[in-house]
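give me the fold of what follows.
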Amino acid sequence: MTTRTLDAPTASLLLEWYDRHHRDLPWRVSPPMAKRGIKADPYRVWLSEVMLQQTTVPAVKPYFANFLAKWPSVIDLAKAPSEEVMAAWAGLGYYARARNLKKCAEAVASEYGGIFPDSEEGLKSLPGIGDYTAAAVAAIAFNRQAAVMDGNVERVISRLYAIATPLPAAKPLMRQKVALLTPADRPGDFAQAMMDLGATICTPKRPACSLCPFNGSCEALRLHDPDQFPVKAAKKEKPIRRGAAFVAVTSEGEILLRRRVESGLLGGMTEIPTTAWTARQDGETSAEAAPFEAGWESAGTVTHVFTHFELRLSIFRAAIPAPVQTNDGWWEPVTNLEAQALPTIMKKAIAAAIPLAFKTAKG
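Here you go, the predicted structure:
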């Protein structure tokens, strides 16, 4: 039995594929556009990369378009009220990203005159920009030879070299491999090509290896087992946390809302009154913990999965004749809820008590 000899992977193979098969994305300068002298907008690149972290392209597209319509430049975003930014972000998840997005925009506007630093180190000095985002913006917006590695790239690299070390321990080795492959010419296109390859060809299940430009260089394909890679450490079972949430509605259709503290989970977002649940502890789950006395009735339970835990909220509803004075919060018309910075879990809770409060309550 002969052993198959693999070709060395080269950036040129991938770039040739990318020129023909690139995805058209609203934040991207495609190869044909680049040939016409159009350059990537660092603001759009940065905004899209922050939004895309742990989120899908279809989910990001409407948010990206909405942000650009509201705040066409980083200076516009820097001037925007934080509450409006959080409201525009609501539903996209991982809300610390939205808080850091605003802080970063303010830093770029005040410290750099609205112009992003053009190096990885300069970008990493900004709030909320870590290794990945700095490398992505440096490569895509400024043509720096930076090693960009997201989940798609990890999958491609792990298969290309059959890296058996489980994630996340394998990340340093993967980054070294990406750095060696990244060309000095067109590093931004190379980074986007790797992302596209992982998203469309080198997919998590049933990759289309026959269409891959690296199929003559892929060690996992030689072993006839691409699905084995990347190797992941065994997942820990997520703990279940419990709490209660209270939906009070007046006869005029107003609902009691309040704002969460700036730090911590869902920091700065709008919520209905809830008990003191956290990622580490349960909150009260009965109507006795309600913010004021009323005829609280059960409206069921909603479940939401966060990164590190699952939350189950017991929902209670009370119909009251008029607003009640409370120590914090305000009474908002139900018809205006779509404009509030309500995270998905709060939309689920309100929808459980008031089914027609939202057109949809996405999970």
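
which residues in the stretch 101-250 of the chain form helices?
Remark: helices assigned in the stretch 101-250 of the chain by DSSP state H, counting those that start in this stretch are 120-124, 131-142, 151-160, 171-181, 187-200, 219-222.

now the end-to-end length of stretch 253-273.
Between the opening and closing residues of stretch 253-273 there is a gap of 17 Å (C-alpha to C-alpha, to the nearest Å).

actually, stretch 5-18.
Across stretch 5-18, first to last residue, C-alpha to C-alpha, it's 25 Å.

quick one: average confidence on it?
Stretch 5-18 shows a mean pLDDT of 90.

cool, and stretch 304-324?
Stretch 304-324 comes out at a mean pLDDT of 94.

next, the buried residues of it.
304, 309, 311-318, 324 (16 or more other C-beta atoms under 10 Å). Glycine gets a C-beta too; all of them are placed from N, C-alpha and C.

shouldn't F306 be in contact with L265?
Yes - F306 lies in contact with L265 (C-beta atoms under 8 Å); the separation is 7.3 Å.

between the buried residues of stretch 304-324, which sits nearest L126?
Set against L126, the nearest of the buried residues of stretch 304-324 by C-beta to C-beta is F309 (29.8 Å).

okay, and the residue nearest to N66 when sequence neighbours are not counted sits in which element?
Residue nearest to N66 in three dimensions, not counting chain neighbours: A88, with 5.9 Å by C-beta to C-beta, 6 or more residues apart in numbering. Here A88 sits within helix 82-89, counting by DSSP states H and E.

who touches that helix?
Residues outside helix 82-89 that contact it (C-beta atoms under 8 Å, 6 or more residues apart in numbering): 63, 66-67, 70, 77, 95, 97-99, 101-102, 268-270, 339-341.

is it possible to get TSV of the helices of the stretch 101-250 of the chain that adds mean neighbour count?
Converted to TSV, the helices of the stretch 101-250 of the chain look like this (neighbours: other C-beta atoms under 10 Å):
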stretch	mean neighbour count
helix 120-124	18
helix 131-142	25
helix 151-160	24
helix 171-181	16
helix 187-200	23
helix 219-222	19
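
as JSON lines, those with mean pLDDT and distance to W296 would be great.
What follows is those, written out as JSON lines (pLDDT from 0 to 100; distance: least, C-beta to C-beta, whole Å):
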{"stretch": "helix 120-124", "mean pLDDT": "97", "distance to W296": "49"}
{"stretch": "helix 131-142", "mean pLDDT": "97", "distance to W296": "44"}
{"stretch": "helix 151-160", "mean pLDDT": "96", "distance to W296": "43"}
{"stretch": "helix 171-181", "mean pLDDT": "96", "distance to W296": "49"}
{"stretch": "helix 187-200", "mean pLDDT": "97", "distance to W296": "47"}
{"stretch": "helix 219-222", "mean pLDDT": "94", "distance to W296": "57"}
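
tabulate those helices in CSV, adding columns for distance to A233.
Converted to CSV, those look like this (distance: least, C-beta to C-beta, whole Å):
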stretch, distance to A233
helix 120-124, 27
helix 131-142, 20
helix 151-160, 13
helix 171-181, 12
helix 187-200, 20
helix 219-222, 19
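
which one of those helices lies closest to S298?
Nearest of these to S298, taken as C-beta to C-beta: helix 151-160 at 40.1 Å.

among the contacts of helix 82-89, which ones are buried?
Neighbour-count burial (16+ other C-beta under 10 Å) applied to these gives 63, 67, 77, 95, 97-99, 101-102, 268-270, 340-341.

ok, these vs G113, which is closest?
Of all the buried ones among the contacts of helix 82-89, L77 has the smallest distance to G113: 14.6 Å, by C-beta to C-beta.

contact partners for the closest one?
67, 71, 85, 101-102, 105.

narrow the contacts of helix 82-89 to those in strands?
Those of those mapping onto strands are T270, per DSSP state E.

checking E288 next. Helix, strand or coil?
Look at E288: counting by DSSP: H, G, I helix; E, B strand; the rest coil, its state is helix.

residues near it, how many?
Neighbour count for E288, taken as other C-beta atoms under 10 Å: 9.

starting at the chain centroid, how far to stretch 308-316?
21 Å (C-alpha atoms, centre = their mean, to the nearest Å).

likewise stretch 302-313?
On C-alpha atoms, centre = their mean, the centre of stretch 302-313 falls 17 Å from the chain's centre.
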